[in-house]
Every structure is written in C-alpha cells, then in structure tokens.
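Engineer: predicted structure and sequence below. I'll ask about it afterward.
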Number of protein chains: 2
Amino acid sequence: MATMREVAGRAGVSTATVSRALSGNPTVDPDLAARVRSAAHALGYRPNGVARSLRRQTTAVLALIISDVENPFFTAIARGVEDTAQSAGYSVVLCNSDESTAKERRYVDVLLQEQVAGVIVSPTSAAGALEPLWDNGTPVVAVDRPLPGLECDTVLVDSRVAANVATTHLAAQGYQRIGCLTGPVGVHTADDRLAGYRDALRAAKRRSAADLVRRAEFRTVGAKRSAADLFGIAEPPDGLLVANSTMATGTLEAMSELGLRAGRDVGLVAFDDSPWATLVDPPLTVISQPAYQIGTMAAQLLLARIGGDARAPRTITLNAQLVVRGSSHR
Amino acid sequence: MATMREVAGRAGVSTATVSRALSGNPTVDPDLAARVRSAAHALGYRPNGVARSLRRQTTAVLALIISDVENPFFTAIARGVEDTAQSAGYSVVLCNSDESTAKERRYVDVLLQEQVAGVIVSPTSAAGALEPLWDNGTPVVAVDRPLPGLECDTVLVDSRVAANVATTHLAAQGYQRIGCLTGPVGVHTADDRLAGYRDALRAAKRRSAADLVRRAEFRTVGAKRSAADLFGIAEPPDGLLVANSTMATGTLEAMSELGLRAGRDVGLVAFDDSPWATLVDPPLTVISQPAYQIGTMAAQLLLARIGGDARAPRTITLNAQLVVRGSSHR
DNA sequence: TTGTATGCGTTATCAA
DNA sequence: TTGATAACGCATACAA
C-alpha cells in the first residue's frame, strides 16, 4: 500500500502538504493540490485508517452489539443503524452478544481497544459489562432495553402498552383464560411485556392466574417446551400472548403437535411481525415493532453525541402496532 | 485510558518491559512481570488496539461481507464465522453489501483502510470490486458463490446437484409441468440452481419449457410478482423449484392469494430451511444448506491464510440435503 | 502557502 | 534479563 511519503515524493511536496491537500484544506495551492491528487491516484493511495485513528484518537466506526443476530428484529435494527451511519461516513461493526454477559464484556473490551467512536447496544443484562465504555467516555445508546442506573440515550418501544393492547384485544375477542409466554426474569422486555399483560387482565377484571404464565429463553426450543407444558395443565389457556417471534415459532410447533388450532382453540398474539406471519394458517396476529426506525434513531442520537452534543440524555419511546389477523379470533 | 507509559511508571520499569510482561514473554523476570500486571490492573490498563495495529501492521479483525443481513442463510454463516473467529482471538466486522456492487466496493475500501486481517465475502458480482484486496495482499475467502477469475479459497454448496435432486424428487412425485423461480442472471447460485433444475428435466426426459422459468431478485416482493405471473399463464406449472427462502415466502403469498395449495395444486421445494418451514400448511419441503458450517470452514481457511498458509487455493464444496415435507406430494 | 518536526501508543531491534 | 530508541503512517503546531 502506498503511503503519504510516496505520494509526497511523487508529487514533489512534503507529507504535510499531501495531508492538507487530500483533506481538502483550502490553504493549499490549487495546482499543487491537483498534482497531489493525481499522484495519489496514480499510486492507488489509500489513507491508512489505523494510523489516522491513532493520530486523531478516534475512528469512523460505530459498533452495534445485539443479543441475537438470527432474530429478524435485531437485523432490522442493524439495517437502520447501518444506513444512517453509512450516510454519515461511518461504518458499523456488528457484534453478537448472544444474551451472554461474558460475550458482551469481551466485545466491549475489543471495541475499546479498537477505539470505536460509539456503541449502540441492546443490553444483555444490567449495565455492569458496559461500564468500561462509560469510564472511557465512549458514547453509548441503548436500544430495545433500558440501562437502569446508567444515564444514556435510549430508544425503546412501549412494550408494556403494546402487551396491554394485545391482551385486551384477546379478552375482547372472548378468550377467557389468557396466558403469557415471556422471556427470562430480568430481561427488561420480557418483564415489561408480562407487566402489560397483567395490566390488561386487571383492567378487564380478569383473575390473572399465575399458572398461566411461563418463562423461557427467547428461543424456539425453550418456548416450545414451555408452551407444551402450558397447554398440558388441567385448565389450559384459551388465549396466549407470546413475547417474541422466535418464541412464536416454538409455540406454533407445540400447538401443531397437540392438534391445537390458533384462533379456534387458542387466541394467539405474538410480538414482532415476520415475513411468514401471514403464511401460517390462520395468519398470525402480531405486535409489529418499528425495528428499522429504532436503528435509525439510535444512530442519529449516537452520531449527535459523537459530534459533541452534551444535552441531557434522551429516551425515545416508539409505538408498536397491533396487526390483527386470523389467530386472534374464532 | 491508561497507557503503557503510566503502567511502566507505576511499576518502575520501562515500557519495553511492560510490553514484554503483558504479552507473556518468558524472558522477563517473574517478579517484575507480576509487578507489571498488578500495576496494569490497578490502572485499568487496556492495550490500545489501534496503536498495536499500526505497529504490527495488522489487526485481529476479520470482515464478513454478505449480501443480505436479513437473510437467515447469511446470518447463520455469520454465526459460524464469528464462533470460529472468536475462539482464535479475532473479532468480526459484519458488512451488508445488499447485493450492491457499489456498497461492496465502499466496504472493501473501508476494510483496507482499517487493515483487517482478512475478508470473507459472498461476492455480489464479478471480482472487480474485490480486486483492491488482492492488490493489498489481504487474504480473501469466498462463500456461497465463487469468484471466477480470482484464485482464492472458496466454500460452496453444490447447488446444482441439490437443485437436480429436488427437481427429480418433484418429477418422481408425479408433477408434470415443473417450473423454476430463481434469482437474477449472473448471480452464480441463481444460475447454478437453474442449471440443476434443467439437468433434472433432461434426465427425466421432460420437455424443459422455457416459459416455466422466472427470474426475480432474491427478495420476497419480486418473487411474489413472478410467481403470480407464472401461475397466471395458459398452462401453469404444477410443480416449482424456488431458489431461496425469501423467494419462498413470496411464492407462498402469491399461491395463497390465488387459492393454490402446495402439494395438492403445486408441488413445491425451496432452498434453505427456516424455522417457519414446518409451520405452514402443508409443511414446506426444503433443500437445507449447512450454513453454519460454511461459516466455520470459511473462517478456518481464512485464519490459516493469515497464519501464513501458502498452499494452493482450495475449494470446499459442501452438500445440501433435501428435507421432504408435505409441500412436495399430493 | 509550504515544510519541518513531533507525537499518537505500541512493538521490535539493538546494546548493555 | 532489561532499557533506550526507532519505527509504524498520519495530522498538526510552529517556523519559514
């Protein structure tokens, strides 16, 4: 790779002039600038990003730490982040924490070493693993889940309200024993969706039977087991709120094996719309989250911070939308 | 962030010794090493990866350029790459070329600037956009699609054979007019799957009717349109091979709107297994590709190159597996 | 307007 | 076994 020295040599100027010319500094003579540019072009010069970062003490790289690369909700966020970052001249490093605090911690370490300009994270646990970012002054934006205790910009979806709306919808459709299948204790969205579910039952003056609630990992297999378990009890639910789309596939698998039909036997609503939601029979009623928009907003907030914005941290709460399809009525 | 100087100061040694001590160089006195480590720990020292990269002229970062972050096939590859890279101490930058040569080119530029140690790519087009990597001596591994002309390690799936097997299966099930819905001309997997389809028809002594073949982008919407178009012709197909899973959702949407039932009205096989493939009615017969394994193999090949392996480039071809479900028989 | 010289934080070479 | 020192490639303060 050609360096500035070589470009300087070829153009017959100093490296300082090359640097200025290529960065568009107006104090450089137009003729010289042209000579430098053509020399750079001739040599296929490409600035060394590492050296530049070392000198400038920052990189044009943002990081996005998500908890599951295979979850379409997060990849949609990634797309939003990437599009916004790209058009601001930043690239994006995607890291998959896999809901593991250890992995999250490792990535934070790597990102600090690599001096990324800022980090967008859907936090796996409490803030602990992310603290080094704060200590280092790296701007952080939390998405999907808040970072209790740490003050930072946050982009959320009002899961609790959405879960409430969905549950109320199920009740209004005449389902009597509505259950809830949600994620692990401590995962904010899991708890939030459960809370919204309970809010709705309380408002509808329904007895919220504790035995109609199940928790599992945000994965297909665990959800399938839990759903099967739930449908196996003495008085099984005839309605169910499921906390994300991977769990929804598990639930549908379990129902299929048990010969239960959505809508008719069990009113079903799940978080997150998916391309296949309309293909199952009956089509799945979902709570659609504005994932792409979460990504763009988060990136905008982060870029503002990187640009020096020092205002108080903001929390932006977007709304989800209930999309009623066949699985939630008889 | 604490630097080596500070650690050196606190431990009362030179930066050289700190460097050696922390990198586990055995020529350093154990007592001193311990003192250095505790000083580093006390100061929360974290090596500056940028400076290290500048000095070492390489980074512990691999890049993965894929053509669609939202396609589960590619995210599964990403997982494989990441797991392998992680355990070798490398992190992974994920880049989304979006099937755009321009984006691909931009990313290659960024990656060169950032001096990544190697690149795994599912090439969007011909090799043109990737040439700078070669010029720079950056190791490259192609996945999913070959890089014609450029000699590099490659991990492929034998799409052509798989398409042949799938089409033969459809013919054996008694479907008479078998069509094919594949990706754009020039995308290797698209062409390959079409070729395999033709191979099968030829072997089965079926007339391969050109009007039963459609091409569209590897996306849901385009596939839906093309499928609708295909089912609308005078003598529509009663069997269909679909070239990937996003196209499969489009196809199923079109069929649903036209009141066509898979299996009964149209024998259907699609590339790529998905969590939802068993949930649609009837369950979808698929050609399951070993995506995760593609990722791990590609990462291993790349790491070997980075480690100095200079053997002739290898092409590894993995096999896909036909998973027969309800959509391919009456 | 341009050039010289220095430093960013690390590692590697060379002496001691 | 350790330390002084010189790069790595770029950007800037300062001098010219």
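Structural biologist: Right, received. Where do you want to start?

Engineer: and A:Ala60, how far from A:Gly326?
Structural biologist: Distance of A:Ala60 to A:Gly326, given as CB to CB, to the nearest Å: 48 Å. All C-beta atoms are positioned from the backbone trio N, CA, C, and that covers glycine.

Engineer: now A:Asp281
Structural biologist: If you measure A:Asp281 against A:Gly326 using CB to CB, the figure is 8 Å.

Engineer: thinking A:Arg325 is in contact with A:Thr278, fair?
Structural biologist: Yes. Taking contacts as CB atoms under 8 Å, A:Arg325 lies within contact range of A:Thr278: 6.9 Å.

Engineer: any common contacting residues for those two?
Structural biologist: A:Leu284 (CB atoms under 8 Å, 6 or more residues apart in numbering or on different chains).

Engineer: tally of neighbours for A:Arg214?
Structural biologist: Counted with other CB atoms under 10 Å in any protein chain shown, the burial measure for A:Arg214 works out to 21 neighbours.

Engineer: that one in helix, strand or coil?
Structural biologist: strand (DSSP: H, G, I helix; E, B strand; the rest coil).

Engineer: distance check, the residue of the stretch 201-330 of chain A found nearest DNA strand C against A:Thr58.
Structural biologist: Taking CB to the nearest atom of the strand, DNA strand C has its nearest neighbour within the stretch 201-330 of chain A at A:Ile306, 18.5 Å off. In this structure, A:Ile306 and A:Thr58 are 8 Å apart, going by CB to CB.

Engineer: which residues do these two both contact?
Structural biologist: Listed as contacting both A:Ile306 and A:Thr58 by CB under 8 Å, 6+ apart are A:Ala117.

Engineer: got any ranges where chain A has weak pLDDT?
Structural biologist: Along chain A, the parts satisfying pLDDT under 70 run over A:208.

Engineer: any residues of it in contact with DNA strand C? List them.
Structural biologist: Counting by CB under 7 Å from any atom of the strand, the residues of chain A lying close to DNA strand C are A:12-17, A:20, A:27-29, A:31-33, A:51, A:54-55, A:57.

Engineer: show the buried residues in those residues.
Structural biologist: A:Val13, A:Thr17, A:Arg20, A:Val28, A:Leu32, A:Ala33, A:Ala51, A:Leu54 (16 or more other CB atoms under 10 Å in any protein chain shown).

Engineer: farthest-separated two in those?
Structural biologist: Comparing all pairs in these by CB to CB, the longest separation belongs to A:Leu32 and A:Leu54, at 26.6 Å.

Engineer: give me phi/psi at A:Val92?
Structural biologist: The phi and psi values for A:Val92, taken as degrees, to the nearest 10, are phi -120, psi 130.

Engineer: wait, it touches A:Leu62, no?
Structural biologist: Yes. Counting by CB under 8 Å, A:Val92 does reach A:Leu62; the two are 5.2 Å apart.

Engineer: follow-up on the earlier one: just the buried ones among the residues of chain A next to DNA strand C: which are in helices?
Structural biologist: Cross-referencing those with the helices (criterion: DSSP state H) gives A:Thr17, A:Arg20, A:Leu32, A:Ala33, A:Ala51, A:Leu54 as the overlap.

Engineer: please produce TSV containing the residues you listed, extended by distance to B:Glu235.
Structural biologist: What follows is those, written out as TSV (distance: CB to CB, whole Å):
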residue	distance to B:Glu235
A:Thr17	72
A:Arg20	69
A:Leu32	71
A:Ala33	66
A:Ala51	65
A:Leu54	67
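
Engineer: so who does A:Arg206 touch?
Structural biologist: Contacts here follow CB under 8 Å, 6+ apart; on that basis A:Arg206 touches A:Ala171, A:Gln176, A:Ile178.

Engineer: typo on my end, it should be A:Arg314
Structural biologist: When the contact criterion is CB under 8 Å, 6+ apart, the partners of A:Arg314 are A:Asp153, A:Thr154, A:Leu301.

Engineer: 10 Å instead?
Structural biologist: Going by CB atoms under 10 Å, 6 or more residues apart in numbering or on different chains, A:Arg314 touches A:Val141, A:Cys152, A:Asp153, A:Thr154, A:Val155, A:Met297, A:Leu301, A:Ala304.

Engineer: A:Gly259 now?
Structural biologist: A:Gly259 touches A:Asp265, counting by CB under 10 Å, 6+ apart.

Engineer: ok, so of the contacts of A:Arg206, who is nearest DNA strand C?
Structural biologist: Out of these, the member with the shortest distance to DNA strand C (by CB to the nearest atom of the strand) is A:Ile178, at 56.1 Å.

Engineer: and A:Asp191, that's in a helix?
Structural biologist: Yes. Secondary structure of A:Asp191 (three-state DSSP): part of a helix.

Engineer: give me phi/psi at the nearest residue to it once chain neighbours are set aside?
Structural biologist: Closest residue to A:Asp191 apart from its sequence neighbours, by CB to CB, 6 or more residues apart in numbering or on different chains: A:Val185 at 7.0 Å. As for A:Val185, its main-chain torsions (degrees, to the nearest 10) stand at phi -60, psi 140.

Engineer: contacts only, for A:Val185.
Structural biologist: Contacts here follow CB under 10 Å, 6+ apart; on that basis A:Val185 touches A:Asp191, A:Leu194, A:Arg215.

Engineer: and the stretch 101-250 of chain A, which residues reach chain B?
Structural biologist: A:103, A:106-107, A:109-116, A:132, A:135-137, A:220, A:245-246, A:248-250 (CB under 10 Å from any CB of the partner chain).

Engineer: in ChimeraX, how would I select just the buried ones from those residues?
Structural biologist: Applied in ChimeraX, the following selects the buried portion of these according to 16+ other CB under 10 Å:
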select /A:103,106,107,109,110,111,112,113,114,115,116,132,220,245,246,248,249,250
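
Engineer: thought A:Arg105 was touching A:Ala126?
Structural biologist: No. No contact is recorded between A:Arg105 and A:Ala126 when judged using CB atoms under 10 Å, the distance being 11.9 Å.

Engineer: who has more neighbours, these two?
Structural biologist: Of the pair A:Arg105 and A:Ala126, A:Arg105 is the one with more neighbours under other CB under 10 Å, namely 18 against 15.

Engineer: I'd guessed A:Ala76 sits against A:Pro290; true?
Structural biologist: Yes. With the criterion set as CB under 10 Å, A:Ala76 and A:Pro290 qualify as a contacting pair; they are 8.9 Å apart.

Engineer: who has more neighbours, those two?
Structural biologist: A:Ala76 (21 against 18).

Engineer: please report how far the more buried one lies from chain B.
Structural biologist: 7 Å (CB to the nearest CB, to the nearest Å).

Engineer: so what's that residue up against?
Structural biologist: Each residue near A:Ala76 by CB under 10 Å, 6+ apart is listed here: A:Asp272, A:Asp273, A:Gln289, A:Pro290, A:Ala291, A:Tyr292, A:Gln293, A:Ile294, A:Gly295, B:Val69, B:Glu70.
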